[in-house]
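[1] coords please:
(4 chains)
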Protein chains: 2
Amino acid sequence: MATIREVARRAGVAPSSVTRVLSGHPNVSEGLRAKVLAAVEEIGYRPDLLAAGLRRGSSHTVGVIVSDIINPLLAEMVDALDVKLRDKGYSVLLANSHGDPKRDVESVHLLRQRRTDGLIVMVVDETQPELKEALRDLPIPVVLLDRQVEGADSASAVLSDHARGTRELTLQLLDAGHERLALLSGLQGTTYPGRERTRGFISALAERGVPLRPRAIRDARATPEAGQRLTAELLDDDEPPTAIVVGPNPMLVGVLRELHRRKLRVGRDLALACLDDVPIAALHQPPITALARDVREMAHTAATLLLDRLTGVSRFPRTVVLPTEVRRRASSAPLPLQVED
Amino acid sequence: MATIREVARRAGVAPSSVTRVLSGHPNVSEGLRAKVLAAVEEIGYRPDLLAAGLRRGSSHTVGVIVSDIINPLLAEMVDALDVKLRDKGYSVLLANSHGDPKRDVESVHLLRQRRTDGLIVMVVDETQPELKEALRDLPIPVVLLDRQVEGADSASAVLSDHARGTRELTLQLLDAGHERLALLSGLQGTTYPGRERTRGFISALAERGVPLRPRAIRDARATPEAGQRLTAELLDDDEPPTAIVVGPNPMLVGVLRELHRRKLRVGRDLALACLDDVPIAALHQPPITALARDVREMAHTAATLLLDRLTGVSRFPRTVVLPTEVRRRASSAPLPLQVED
DNA sequence: TTGAAAGCGCTAACAA
DNA sequence: TTGTTAGCGCTTTCAA
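    Here you go, the predicted structure:
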């Protein structure tokens, strides 16, 4: 790989002049610029970004920590972040936690060691002390994306109003006559969406004076397998729920598997809703009621908050809360289900 | 951020000794090791990976170019690659092409500039001259993942036998009485899977002596929108197909949308099959016949091929072809469809 | 407007 | 076994 010295030699100038031309320095003569660009072209020179980053102290790179890239919502988030950041000259360094909180923490350190200029954080478990500590010590701007980390006061955040949306969706189920409601959630308390959804669910019940039945809220890792297992547990109860609200979208696949296995018809034998809108929700027959949010807008906002701090436009952390929207579909049919259709 | 010099000063040793301890150099006394580790612990030192990479000439990083991270199959591929490579001490630098061939080429250059030690390539369009050129000039090992690039003789490859699988799946449809078959494919000729699927489809027709009708094979960008549009075109034909074979899995979503919109029942009004198995295929009612392959095995093989070259275990490129498997489900019902229940 | 020189933080060659 | 020294490729003073 060609170096800047070779370009300089070929153009008959100093290495520093090559840098000036390539970085758009204002005081450069046309003649020098032309000579340098010709030489660059000739030998196909491309600067070594490690060396440049080392010298500059920053790598023009943004670290993105994502709990699980297989989650289609998160994949879209990463895609949108990447498009926006690349457009502004930053590369994305992706750190996938693969559902493992230990990797959350490792990733913070790793990205720091790679001198990323900023961090966008969608961790598995935001409550880990090691994570809080690692984030607190970072000298670079951080944006939490649908996460809330205690003590990370210097971090910006982009949040969805899960509580409000979940409350509304739950109220609709209650007003349709359902009383035996169940909520499937990710591991209790580990992330902001999980806590907020639970809060919204409970407040809807309270609002209508419907008692929260024991074991009505069940949590597990956000996987299809866990979703299937929890559904089986619910249905094996003496008094199975008439409506299931599924939080994390990966669980929805498992829930549907179990319902199909038992030949239970969604929207007839049982009402169903998901707190994330993913393609299968709308495509399912019957379509499944879901709480939607604009993932690309969230990503754009997060990228903008980060870029503003990287470029010095803004010096202080900000928190932005974005709305959610109930998409009512056939799966959340009213009671009594059996007389429907 | 602490540097190696501070650690050295604190431990009362030379910086090179710190390196030796941390990199597990054999000839290091117990006393020195203890002193260094204590100092490292004390100030929470973590090496700057840019500096180390610059000095070493390699970054312990593998670049992964992926055509579209939103594709669930590719997301799983990236996840599996990441798990395997991280386990061996390499970080993954993800470059998402977002469906844009221009970004394929940019990414090759960018990853090269970041001194990745190797590349795993799942580009949008493998036929671009700029891409071929960029790959040919790379001084690092490359593994093509379900891609075949002309002239990239020094690259290894992991391929699925799409042709064989597609042929088998198509034969099953033909033998079930379907004659008016259509194939939806990604942009013609741009990737190995697209070409191989078309080849398999055509050879199955030839084998049964069924003529290939004009416009029976339609191609477009591999998106839900394109899938929906092509489906609409097919169904508006004078002689619409009785069975549709969908290649790229993102198209399947669009196909289903259009079928639902027209109130056409899969497996009754029309047979359907997809050449990738994704969760919605199995979850759909009725379940959709699909061609499956072991994505995680493909990723593992690719990672292993790359690691073998990075660690010097192997010096030559290898090509591995992995099998596909027809998962026959209710969507590929036999003709005449209308009498079936 | 341009060049010379220093140094980012690390590791490897060489010397002791 | 350990320390000294040089230098990876770049950018940024500083001086001319």
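[2] quick one: stretch A:316-331 near chain B?
    No - using CB under 8 Å from any CB of the partner chain, stretch A:316-331 stays clear of chain B, coming no nearer than 12.0 Å. All C-beta atoms are positioned from the backbone trio N, CA, C, and that covers glycine.
[3] which SS class is residue A:320?
    At residue A:320 the chain is in strand, as set by DSSP: H, G, I helix; E, B strand; the rest coil.
[4] quick check: it touching residue A:146?
    No - using CB atoms under 8 Å, residue A:320 is not in contact with residue A:146; the gap is 11.1 Å.
[5] what about the helices in the stretch 1-150 of chain A?
    A:4-11, A:15-22, A:30-43, A:49-56, A:72-87, A:101-113, A:129-136 (DSSP state H, counting those that start in this stretch).
[6] want to try TSV for those, with mean pLDDT, mean neighbour count and distance to DNA strand C as columns?
    Below are the helices of the stretch 1-150 of chain A laid out as TSV (pLDDT from 0 to 100; neighbours: other CB atoms under 10 Å in any protein chain shown; distance: least, CB to the nearest atom of the strand, whole Å):
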stretch	mean pLDDT	mean neighbour count	distance to DNA strand C
helix A:4-11	97	18	8
helix A:15-22	97	18	3
helix A:30-43	96	15	3
helix A:49-56	97	19	3
helix A:72-87	97	22	24
helix A:101-113	97	20	8
helix A:129-136	96	16	17
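[7] between residue A:320 and residue A:146, which one's more packed in?
    Taking other CB atoms under 10 Å in any protein chain shown, residue A:320 and residue A:146 do not tie; residue A:146 has more neighbours (24 against 15).
[8] in JSON lines, list the helices of the stretch 1-150 of chain A along with distance to residue B:224.
    Below are the helices of the stretch 1-150 of chain A laid out as JSON lines (distance: least, CB to CB, whole Å):
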{"stretch": "helix A:4-11", "distance to residue B:224": "46"}
{"stretch": "helix A:15-22", "distance to residue B:224": "41"}
{"stretch": "helix A:30-43", "distance to residue B:224": "41"}
{"stretch": "helix A:49-56", "distance to residue B:224": "36"}
{"stretch": "helix A:72-87", "distance to residue B:224": "12"}
{"stretch": "helix A:101-113", "distance to residue B:224": "31"}
{"stretch": "helix A:129-136", "distance to residue B:224": "36"}
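[9] in the helix or strand of chain A with the lowest mean pLDDT, which residues are buried?
    Each helix and strand of chain A was given a mean pLDDT (mean pLDDT, DSSP states H and E); the minimum falls on helix A:279-283 at a mean of 93. Using 16 or more other CB atoms under 10 Å in any protein chain shown as the test for burial, helix A:279-283 gives A:279-283.
[10] let's see that helix as CSV, backbone CA atoms only.
    Written as CSV, here are the backbone C-alpha positions of helix A:279-283 (Å, rounded to 0.1, in the frame of the first residue of the first chain):
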residue,chain,number,x,y,z
PRO,A,279,-43.6,-7.4,9.2
ILE,A,280,-45.0,-10.7,10.4
ALA,A,281,-47.5,-8.9,12.5
ALA,A,282,-49.2,-7.3,9.5
LEU,A,283,-48.8,-10.3,7.3
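[11] quick one: list the elements packing against that helix.
    Other elements packing on helix A:279-283 under the criterion 3 or more CB pairs under 8 Å, 6 or more residues apart in numbering or on different chains; DSSP states H and E are helix A:249-261, strand A:289-292, helix B:249-261, helix B:279-283.
[12] which SSE is immediately downstream of the first one?
    The C-terminal neighbour of helix A:249-261 among helices and strands, as given by DSSP states H and E, is strand A:271-274.
[13] which residues outside that next one are in contact with it?
    Under the contact criterion CB atoms under 8 Å, 6 or more residues apart in numbering or on different chains, strand A:271-274 has outside partners A:169, A:173, A:176, A:178, A:242-247, A:249, A:252, A:255, A:259, A:266, A:281, A:288-291, A:331-333, A:335, A:337.
[14] so residue A:335 touches residue A:177, yeah?
    Yes - taking contacts as CB under 8 Å, residue A:335 lies within contact range of residue A:177: 3.3 Å.
[15] flag the shaky bits of the stretch 151-300 of chain A, pLDDT-wise.
    Low-confidence segments of the stretch 151-300 of chain A, defined by pLDDT under 70: none present.
[16] out of the helices of the stretch 1-150 of chain A, which gets nearest to residue B:134?
    Closest to residue B:134 of the helices of the stretch 1-150 of chain A is helix A:30-43 (CB to CB; 15.3 Å).
[17] the closest one vs helix A:15-22, what angle?
    Calculated by axes from the mean of the first three to the mean of the last three CA atoms, to 10 degrees, helix A:30-43 forms an angle of 90 degrees with helix A:15-22.
[18] just the C-alpha atoms of helix A:30-43, please, in PDB.
    As requested, the backbone C-alpha atoms of helix A:30-43 are provided in PDB (Å, rounded to 0.1, in the frame of the first residue of the first chain):
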ATOM      1  CA  GLU A  30      -3.400  25.600  -7.700                       C
ATOM      2  CA  GLY A  31      -0.100  24.300  -9.100                       C
ATOM      3  CA  LEU A  32       0.700  22.300  -5.900                       C
ATOM      4  CA  ARG A  33      -2.900  21.000  -5.700                       C
ATOM      5  CA  ALA A  34      -2.700  19.700  -9.300                       C
ATOM      6  CA  LYS A  35       0.700  18.100  -8.900                       C
ATOM      7  CA  VAL A  36      -0.500  16.300  -5.700                       C
ATOM      8  CA  LEU A  37      -3.800  15.100  -7.100                       C
ATOM      9  CA  ALA A  38      -2.000  13.800 -10.200                       C
ATOM     10  CA  ALA A  39       0.400  11.800  -8.100                       C
ATOM     11  CA  VAL A  40      -2.400  10.500  -5.900                       C
ATOM     12  CA  GLU A  41      -4.400   9.400  -8.900                       C
ATOM     13  CA  GLU A  42      -1.300   7.800 -10.500                       C
ATOM     14  CA  ILE A  43      -0.400   5.500  -7.700                       C
END
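[19] which non-adjacent residue is nearest residue A:254?
    residue A:227 (2.9 Å; CB to CB, 6 or more residues apart in numbering or on different chains).
[20] can you confirm residue A:231 is in a strand?
    No - with three-state DSSP as the criterion, residue A:231 is assigned helix and is not in a strand.
[21] touching, it and residue A:254? I think so.
    Yes - at 6.7 Å, residue A:231 and residue A:254 qualify as touching, with contact defined as CB under 8 Å.
[22] ends of stretch A:182-192, how far apart?
    Stretch A:182-192 has an end-to-end distance of 20 Å (CA to CA, to the nearest Å).
[23] can you give me the buried ones in that stretch?
    Buried residues in stretch A:182-192, counted by 16+ other CB under 10 Å: A:182-187, A:190-192.
[24] I'd like those residues written out as JSON lines, with distance to residue B:236 and secondary structure added.
    Shown next, in JSON lines, are the buried residues of stretch A:182-192 (distance: CB to CB, whole Å; DSSP: H, G, I helix; E, B strand; the rest coil):
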{"residue": "A:182", "distance to residue B:236": "45", "secondary structure": "strand"}
{"residue": "A:183", "distance to residue B:236": "45", "secondary structure": "strand"}
{"residue": "A:184", "distance to residue B:236": "42", "secondary structure": "strand"}
{"residue": "A:185", "distance to residue B:236": "45", "secondary structure": "strand"}
{"residue": "A:186", "distance to residue B:236": "44", "secondary structure": "coil"}
{"residue": "A:187", "distance to residue B:236": "49", "secondary structure": "coil"}
{"residue": "A:190", "distance to residue B:236": "50", "secondary structure": "coil"}
{"residue": "A:191", "distance to residue B:236": "47", "secondary structure": "coil"}
{"residue": "A:192", "distance to residue B:236": "47", "secondary structure": "helix"}
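[25] possible to save the residues you listed as a markdown table with distance to residue A:55?
    A markdown table is the format used below for these (distance: CB to CB, whole Å):
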| residue | distance to residue A:55 |
| --- | --- |
| A:182 | 58 |
| A:183 | 53 |
| A:184 | 51 |
| A:185 | 48 |
| A:186 | 43 |
| A:187 | 44 |
| A:190 | 40 |
| A:191 | 39 |
| A:192 | 39 |
